[in-house]
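Visitor: just need the structure, nothing else, for what follows:
(one chain, ligands or ions: 1)
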Amino acid sequence: MALKDKPQTKKNHHFFQSLKHAGSGVLFAIRHERNLRRDLIVAAVVFIAAYLLRLPGTSFLWLGLVIFLVFQAELWNSVAEYLVDLSTKRKFNPLAKVIKDLSAGIVLLTALFSVVVGLIIFLPALLQVLRTQLGW
Ligand SMILES: Nc1ncnc2c1ncn2[C@@H]1O[C@H](COP(=O)(O)OP(=O)(O)OP(=O)(O)O)[C@@H](O)[C@H]1O
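Guide: Predicted coordinates:
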């Protein structure tokens, strides 16, 4: 539910109502999660670089997959943060810390995996460009 909508706590009645609420969730995340906006910019730069380096289609698939995994991890991290804040009302709780730190750990591991995949894809292509341009 978007925060400014009429309060609704009953189930959605049809597909388009579900779609509207799911879309509001994504827009909410883009508006309020700085990390997600940074990831969107990084994703755009990565795809432009892949296009300029004329990487093959399979590389685009791998890049799309890891970028999607990072977005997913960020969204789940936000879900965990909001659930914890809702239940603790922002009071300190050691279990709340464990949950938020675990959730941040998922984002960290996913980001590290995506960096490794990115290096495997981009390093050979960049070396090839250096070889041809600089005669290495
Ligand atoms: N209610 C709480 N009880 C205990 N520790 C908390 C609580 N809320 C936050 N923390 C600690 O503070 C850290 C930052 O929490 P916060 O909710 O600000 O995450 P965040 O900075 O928004 O995360 P991100 O970096 O993903 O944006 C958590 O990782 C956790 O260690």
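Visitor: which residues of this structure lie near the ligand?
Guide: Taking Cβ under 6 Å from any ligand atom as the contact definition, the chain meets the ligand at 35, 77, 81, 84, 88, 90, 92-93, 96-97, 100-101, 104. Glycine gets a C-beta too; all of them are placed from N, C-alpha and C.
Visitor: ok, of those residues, which come out buried?
Guide: N35, N77, E81, V84, A96, K100 (16 or more other Cβ atoms under 10 Å).
Visitor: was I right about the second one contacting D101?
Guide: No: with contact taken as Cβ atoms under 8 Å, N77 and D101 are classed as non-touching, separated by 10.7 Å.
Visitor: what touches both of those two?
Guide: Common contact partners of N77 and D101 (Cβ atoms under 8 Å, 6 or more residues apart in numbering): none.
Visitor: quick check, nearest of the residues of the chain next to the ligand to P124?
Guide: N35 (29.2 Å; Cβ to Cβ).
Visitor: give me the element that closest one is part of.
Guide: helix 34-52 (DSSP states H and E).
Visitor: tally of neighbours for D39?
Guide: Residues lying near D39 (other Cβ atoms under 10 Å) number 19.
Visitor: again with S114
Guide: 23.
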